[in-house]
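K.L.:
Fold the stuff below for me.
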Amino acid sequence: MITRQTIQAMSAPLFQKYGVKRAALFGSVARNESGAASDVDLLVEMAGGRPFDFFNLQEDLAERFGCRVDLVEYAALRPQLKDRILADAVTGYEK
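P.N.:
Model (predicted):
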């Protein structure tokens with residue numbers, strides 16, 4: 001099981017590499033309810049660099065954490081889920 005602190009420490013270098021402006025953890029890990037099979041859910045705001053940065057970041061995070069990573073851009077949050085996701089969100093990175 002991966003902790004919030006571990007995620008923050010392990011992801012910061014990748015956030016810098018891929019031009020992430022801010023990131024927040026949400027879901028079971030953010031609520032301290034994760035288990036061995038849990039994925040990592042992250043909200044990100046990208047600086048808008050290279051076209052594939054978002055997907056490369058997702059792959060690199062999954063490799064680093066050893067589990068599936070669901071990456072969602074703040075701007076792409078669906079209105080019907082936005083309030084629930086933001087209520088769980090724990091900011092872990094701001095540039």
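
K.L.:
For this protein, which segments count as helices?
P.N.:
If you assign secondary structure with DSSP state H, the helices in the chain sit at 4-17, 53-65, 79-88.

K.L.:
Now do the last one: everything it contacts.
P.N.:
Spelled out, it's helix 79-88. Helix 79-88 is contacted from outside by 26-27, 30-31, 43, 72, 77, using C-beta atoms under 8 Å, 6 or more residues apart in numbering. (C-beta placed from N, C-alpha, C; glycine too.)

K.L.:
quick one: which of these sit in strands?
P.N.:
Cross-referencing those against strands under DSSP state E gives 26, 43, 72.

K.L.:
ok, the first one to Ala87 distance?
P.N.:
Right, the one you point to is Phe26. Phe26 sits 9 Å away from Ala87, going by C-beta to C-beta, to the nearest Å.

K.L.:
neighbour-wise, which of the two wins?
P.N.:
Phe26 (21 against 10; other C-beta atoms under 10 Å).

K.L.:
Run through the bridge partners of the more buried one.
P.N.:
As for beta bridges, Phe26 partners with Asp41 under DSSP bridges.

K.L.:
Nearest to the spatial middle of the protein, which residue is it?
P.N.:
In the chain, the residue lying closest to the centroid (C-alpha atoms, centre = their mean) is Leu42, at 2.1 Å.

K.L.:
show me what contacts that residue?
P.N.:
Neighbours of Leu42 in contact, by C-beta under 8 Å, 6+ apart: 11, 23-26, 61, 69-72.

K.L.:
so which of these is the most crowded?
P.N.:
Going by other C-beta under 10 Å, Ala23 tops the contacts of Leu42 with 27 neighbours.
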